[in-house]
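S.K.: with the input below, show me the fold.
(chains A and B)
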Amino acid sequence: MENEAMAANMQSQGVAGEDERRLTEEGMACAKSQGLAGGNVVFVESQVVAGRDESCDEVRDLADGGAMCAEAQTPAGEAVMPEECLHSNAVEDADSDESCAHEELVSLLAQQAAGYELLGRLFQREVDVELLQSLCEGRYPAHTGNDHLDEGYRGLVVFLNHRGERTGTELNVDYLHVFIGNTQDASHVAYPYESVYTSPDHLLMQDARDAVLAAYRSEMITLVNEHNEPEDHMGFELAFCAVLLRRAVEALTAGNTARAIELVEKERAFVRDHLGVWAPEFAADVKRIAQTGFYRALADILLGYLEVDTATMEAVAAELGE
Amino acid sequence: MDNVDVSERLHSVARVADAFEAVPGNQRVLMAVLQACREPQTSEELDAIMAPVLENNRSVHSAVELRKVLEDHGAIRYVKSDEEELAEAKMRDAEENGEVEVPEIDDEGFYVVSTPAPGTWQLTEAGQAYLDGDPVGAYARDLLETREPQYAPVYRELLELLSEGPATKQEVDKVVESNPLTAEPRMYGGHFVGELEKAGAAEWDGAWAITEYGRTLLGELAATGRE
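M.R.: From the prediction side, this is the model:
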């Protein structure tokens, strides 16, 4: 992939440049402060050893992902990928170009993962004080080139700009209202499970859940979930994408391009076969049901992020395949 | 007309009193908020005032929720800052004109997440009238003159114990249970110290301790010889 194309992809995500760094930091903050590192809702490496010879010690991938996130930045929090990497001069030597492209890919994948971690966290459970503060410190581009992201970021910032001391409570109430439901009328709840959206009778624990579980297991990942939520919860599916991309970063850093390609392809397939299938209808329901601008904005951001990620990962796959 | 005003005033003060019934067990912290709001206080300042009072409180209500209870009962009101007023007016204008509100964008093309100067919590007229009615003293008077005058000696003994220094639950129980007045019907230390806490005369801080008001009450009990 051309560097310009990569840069354009990054810009179009709406999490580009400084904002990517912000999201990356938030991803870390999420993993650390929101209980991911504490084993609240995490993936652990499964005891299934078939297909891989790595140790099966329990690895809390999301927490580790946060650490990898940190490695993708300088201590000062600046992106590893310098501006000149995006606009490298043709006269520079080939080794330098290759090194820049490699760093660029690692940084891009880490940033995508951080975005997925943050989104996953936001769908997994209510926003708490620390996360709300973290969101207020974020930077959101006004023009990303993606309509959903533009609308989502605008709505999110409008909501944050009108926050008050009861905002946290309002968000908790709306989370309950939207995703858990305080009504017998199923049409007034956006149940965050793929099975509900893809099974004929809109039931939990259907084929989609089995398929998602198989995808997790293919990466020797087991969901450790104190809430006993089905594996096809939106928050977990997003977190799974983050894990795949974190592992791709790890593979690239270790020089294992083949493994990185495998992981990126898995992520693309997962988005195509799962998130991409039900997220649009789910997001529409969230927008219809939510009482706060926050969750309406989150629905837009989800859609925009998946759209941009699809394009970005296609470009990344092409770049890795070269 | 005056009668109507008086009636409304009494009703509004009664609503403030209802706030204390709405969240039982939070008298101290609610009173702390009311007292503090005689002067305008930001939420952050009130948090700092409420935190130590809530430290030993098992209430499920947060400081924010307790303020809302007082606000809902007309005891305090939130006065927005100029910046908050401006932001609200902007939102209102956008809604009225059927426009989408667009936040400010900085030079680098990012939306600005603003943090407007905070408004302040202030006592309402009803809240002021409630405080002026000496609710703490009224509770103690009701307790000792109307509801439980027969136990005034027990309360006095208890306050004397606490005035000597913080007392454990066992020490409170010992004083109460050694008094023949509590034998039939059987009464326990928890009841008496609980009532003193509601009256603002005792507080728990790892042990039961007398408050400044408690010392005043003890003085009154001793002076009037309510035994």
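S.K.: what comes up buried for stretch A:202-220?
M.R.: The neighbour-count check on stretch A:202-220 (16 or more other C-beta atoms under 10 Å in any protein chain shown) flags A:206, A:208-209, A:211-213, A:215-216, A:219-220 as buried. C-beta coordinates here come from the backbone N, C-alpha and C atoms, glycine included.
S.K.: what packs against the longest helix seen in chain B?
M.R.: Scanning chain B for the helix with the most residues, using DSSP state H, yields helix B:2-22. With contacts taken as 3 or more C-beta pairs under 8 Å, 6 or more residues apart in numbering or on different chains; DSSP states H and E, helix B:2-22 sits against helix B:27-36, helix B:63-72, helix B:125-132.
S.K.: as CSV, these with mean pLDDT and distance to B:P118 would be great.
M.R.: Shown next, in CSV, are the helices and strands packed on helix B:2-22 (pLDDT from 0 to 100; distance: least, C-beta to C-beta, whole Å):
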stretch, mean pLDDT, distance to B:P118
helix B:27-36, 94, 15
helix B:63-72, 96, 13
helix B:125-132, 94, 20
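S.K.: who wins for proximity to chain A among these?
M.R.: helix B:63-72 (5.2 Å; C-beta to the nearest C-beta).
S.K.: distance from that closest one to the middle of the chain?
M.R.: Here the centre of mass of C-alpha atoms in helix B:63-72, compared against the chain's by C-alpha atoms, centre = their mean, to the nearest Å, lies 10 Å away.
S.K.: I'd say A:L119 and A:I301 touch.
M.R.: Yes: counting by C-beta atoms under 8 Å, A:L119 touches A:I301, with 7.1 Å between them.
S.K.: all strands for the chain, in order.
M.R.: As the question left the chain open, I've gone with chain A. With strands called from DSSP state E, chain A shows them at A:41-45, A:140-141, A:221-225.
S.K.: try again with chain B
M.R.: B:76-79, B:110-111, B:120-123, B:202-204, B:208-210.
S.K.: and the residue of chain A found nearest chain B, what pLDDT?
M.R.: Proximity of chain A to chain B (C-beta to the nearest C-beta) peaks at A:V157, 4.1 Å away. Here, the pLDDT recorded for A:V157 equals 97.
S.K.: mean pLDDT lowest where, among the strands of chain B?
M.R.: Among the strands of chain B, strand B:202-204 scores lowest, at a mean of 91.
S.K.: what's it packed up against?
M.R.: Short answer (3+ C-beta pairs under 8 Å, 6+ apart): strand B:202-204 packs on helix B:152-163, helix B:189-198, strand B:208-210.
S.K.: and of these, who's closest to chain A?
M.R.: That would be helix B:189-198 among the helices and strands packed on strand B:202-204, by C-beta to the nearest C-beta, at 27.2 Å.
S.K.: give me the angle between the closest one and helix B:2-22.
M.R.: 140 degrees (axes from the mean of the first three to the mean of the last three C-alpha atoms, to 10 degrees).
S.K.: CA atoms of helix B:189-198 as PDB?
M.R.: The C-alpha atoms that make up helix B:189-198 are tabulated as PDB, following Å, rounded to 0.1, in the frame of the first residue of the first chain:
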ATOM      1  CA  GLY B 189     -28.000   1.400  73.600                       C
ATOM      2  CA  GLY B 190     -28.500   1.500  69.900                       C
ATOM      3  CA  HIS B 191     -31.800   3.200  70.200                       C
ATOM      4  CA  PHE B 192     -30.600   6.000  72.400                       C
ATOM      5  CA  VAL B 193     -27.400   6.700  70.700                       C
ATOM      6  CA  GLY B 194     -29.200   6.500  67.300                       C
ATOM      7  CA  GLU B 195     -31.700   9.200  68.500                       C
ATOM      8  CA  LEU B 196     -28.900  11.300  69.700                       C
ATOM      9  CA  GLU B 197     -27.300  11.000  66.400                       C
ATOM     10  CA  LYS B 198     -30.500  12.100  64.600                       C
END
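S.K.: ok so, going back, among the buried residues of stretch A:202-220, which lie within helices?
M.R.: Counting by DSSP H, the buried residues of stretch A:202-220 place A:208-209, A:211-213, A:215-216 in helices.
S.K.: show me which pair in the residues you listed is furthest apart.
M.R.: Pairwise distances among those were taken by C-beta to C-beta; the largest, 12.7 Å, belongs to A:A208 and A:Y216.
S.K.: follow-up on the earlier one: quick one: the strands of chain B as JSON lines, columns for mean neighbour count and distance to A:A254 too.
M.R.: Shown next, in JSON lines, are the strands of chain B (neighbours: other C-beta atoms under 10 Å in any protein chain shown; distance: least, C-beta to C-beta, whole Å):
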{"stretch": "strand B:76-79", "mean neighbour count": "18", "distance to A:A254": "56"}
{"stretch": "strand B:110-111", "mean neighbour count": "22", "distance to A:A254": "35"}
{"stretch": "strand B:120-123", "mean neighbour count": "20", "distance to A:A254": "56"}
{"stretch": "strand B:202-204", "mean neighbour count": "21", "distance to A:A254": "58"}
{"stretch": "strand B:208-210", "mean neighbour count": "20", "distance to A:A254": "62"}
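S.K.: residues contacting the closest residue in space to B:T115 that isn't next to it in sequence?
M.R.: Leaving aside its chain neighbours, B:T115 sits nearest to A:C136 (7.1 Å; criterion: C-beta to C-beta, 6 or more residues apart in numbering or on different chains). By C-beta atoms under 8 Å, 6 or more residues apart in numbering or on different chains, the residues touching A:C136 are A:160, A:163, B:113, B:115.
S.K.: before we move on, what about B:A89?
M.R.: Going by C-beta under 8 Å, 6+ apart, the list of residues near B:A89 is empty.
S.K.: next to chain B, which bits of the stretch 1-150 of chain A? Give me the list.
M.R.: A:18-19, A:136-143 (C-beta under 8 Å from any C-beta of the partner chain).
S.K.: turn these into a markdown table, including pLDDT.
M.R.: Listed next are the residues of the stretch 1-150 of chain A next to chain B as a markdown table, based on pLDDT from 0 to 100:
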| residue | pLDDT |
| --- | --- |
| A:E18 | 39 |
| A:D19 | 38 |
| A:C136 | 96 |
| A:E137 | 95 |
| A:G138 | 93 |
| A:R139 | 93 |
| A:Y140 | 96 |
| A:P141 | 96 |
| A:A142 | 96 |
| A:H143 | 96 |
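S.K.: and A:L213, how far from A:V264?
M.R.: 21 Å (C-beta to C-beta, to the nearest Å).
S.K.: which one of the helices and strands packed on helix B:2-22 lies closest to B:Q150?
M.R.: helix B:27-36 (23.5 Å).
S.K.: what sits up against the closest one?
M.R.: With contact meaning C-beta under 8 Å, 6+ apart, helix B:27-36 is reached by B:19-20, B:23, B:45-46, B:49-50, B:53-54, B:57, B:59, B:63, B:66-67, B:69-70, B:75-76, B:121, B:123, B:127, B:130-131, B:135-136, B:197-198, B:200, B:203.
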